[in-house]
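Student: What follows is a predicted structure for the sequence shown.
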Amino acid sequence: MSEKSESENGSGLHTFTLEVSNKMGVHARPAAMIVRITSRYEGDIWITKEDEKINAKSIMGIMMLAAAKGTKLIIETNCEKAEEFELEMTELFAARFQDE
């Protein structure tokens, strides 16, 4: 589920927030799905949970966030196709990583 998108935050980064809504949270399979999407985009993509910030192209980094159901993740990117990326990620989270 997506929260209000903040297009440009003054630093050239496109920032948006997604909430984990599947029962099991972001475990290995959802982490792999996220990496599969992020790896197709040029540029930096970061995921922040509370005060932890990781590279969204790292499956281990994503899994180490231990994002349970209800966790809000802030995603930042400087990629050229940021709106397309946001849409793709929003659809993935809305589909609950096809877990349920």
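Tutor: Sure thing, it's come through.
Student: Can you give me the pLDDT of R36?
Tutor: With respect to pLDDT, R36 scores 97.
Student: which residues touch the helix or strand containing it?
Tutor: Assigned by DSSP states H and E, R36 belongs to helix 28-38. With contact meaning C-beta atoms under 8 Å, 6 or more residues apart in numbering, helix 28-38 is reached by 22, 26, 45, 47, 56-59, 62-63, 85, 88-89, 92, 97, 99. To be clear about C-beta, it is placed using only N, CA and C from the backbone, and glycine gets the same treatment.
Student: among those residues, which ones are buried?
Tutor: With neighbours counted by 16 or more other C-beta atoms under 10 Å, the contacts of helix 28-38 contain buried members at 22, 26, 45, 47, 56-57, 59, 62-63, 85, 89, 92, 97.
Student: which stretches of this structure have low pLDDT?
Tutor: 1-10, 100 (pLDDT under 70).
Student: Which residue ranges of it form helices?
Tutor: Shown for the chain, the helices assigned by DSSP state H span residues 28-38, 59-64, 82-94.
Student: Quick one: the ones you listed as JSON lines, columns for distance to T15 too.
Tutor: Putting those into JSON lines (distance: least, C-beta to C-beta, whole Å) gives the following:
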{"stretch": "helix 28-38", "distance to T15": "15"}
{"stretch": "helix 59-64", "distance to T15": "18"}
{"stretch": "helix 82-94", "distance to T15": "9"}
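Student: give me the beta-bridge partners of the residue nearest the centre of the chain?
Tutor: The residue lying closest to the centre of the chain (C-alpha atoms, centre = their mean) is I75, at 5.2 Å. On the basis of DSSP bridges, I75 is bridged to F16, I47.
Student: where's it relative to K69, distance?
Tutor: Using C-beta to C-beta, to the nearest Å, I75 is found at 18 Å from K69.
Student: for stretch 25-44, which positions count as buried?
Tutor: Quick answer for stretch 25-44 (16+ other C-beta under 10 Å): 25-27, 30-31, 33-35, 37-38, 41.
Student: end to end, how far does that stretch reach?
Tutor: Start-to-end span of stretch 25-44 (C-alpha to C-alpha, to the nearest Å) is 24 Å.
Student: Lovely, talk soon.
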